[in-house]
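Enquirer: I'd like to go over a predicted model; first the sequence, then the structure.
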Amino acid sequence: MSRQGGTGGTTSDTARRGLARLMLKLPGLRAGLQAVASLSHDLDELFEAYEIAAVALETFRRSGDLARTSEYEGLCSGIEEDVTQHILRTNSHMPK
């Protein structure tokens, strides 16, 4: 995964954009996403993958490539589900 400035511990711009997209797509999990992102970089690779897949999906939709559009819709949905499950597991382990 690429890191801004080449140092560990800094979130890449791509991961930040992916996180922002996910917060728009999953408004019910926005607070959990922000909390997880601020506490660790565990999901940075998923955030990056989501950004890359979402940009590709937009491109395929514009070009009318139905097969790739369908494939990337599934990919984005899968990443959304993975992130959702991670947030739900994380929240279930947090003290109330």
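Expert: Yes, it's here. Note that the structure is predicted; figures quoted are calculated from it, not measured.
Enquirer: can we go C-alpha only for contacts and neighbour counts from here?
Expert: OK.
Enquirer: In terms of helices and strands, where is the most centrally placed residue in the chain?
Expert: For the chain, the residue nearest the mean C-alpha position is residue 47 (3.0 Å; CA atoms, centre = their mean). If you go by DSSP states H and E, residue 47 is part of helix 44-63.
Enquirer: And for residue 77?
Expert: helix 66-92.
Enquirer: Could you do residue 19 as well?
Expert: Under the assignment here (DSSP H and E), residue 19 is part of helix 13-25.
Enquirer: what helices or strands is that helix leaning on?
Expert: Helix 13-25 sits against helix 30-39, helix 44-63, with contacts defined as 3 or more CA pairs under 8 Å, 6 or more residues apart in numbering; DSSP states H and E.
Enquirer: Now that helix: buried residues?
Expert: By neighbour count on 16 or more other CA atoms under 10 Å, the buried set for helix 13-25 is 14-20, 22-23.
Enquirer: now, among these, which is nearest to residue 74?
Expert: residue 22 (14.9 Å; CA to CA).
Enquirer: Just to check, that closest one is in contact with residue 82?
Expert: No - checked against CA atoms under 8 Å, the pair residue 22 and residue 82 is beyond contact range at 11.5 Å.
Enquirer: Now do the helix holding residue 47: everything it contacts.
Expert: Residues outside helix 44-63 that contact it (CA atoms under 8 Å, 6 or more residues apart in numbering): 1, 11-12, 14-19, 21-22, 37, 66, 68-69, 72-73, 75-76, 79-80, 83.
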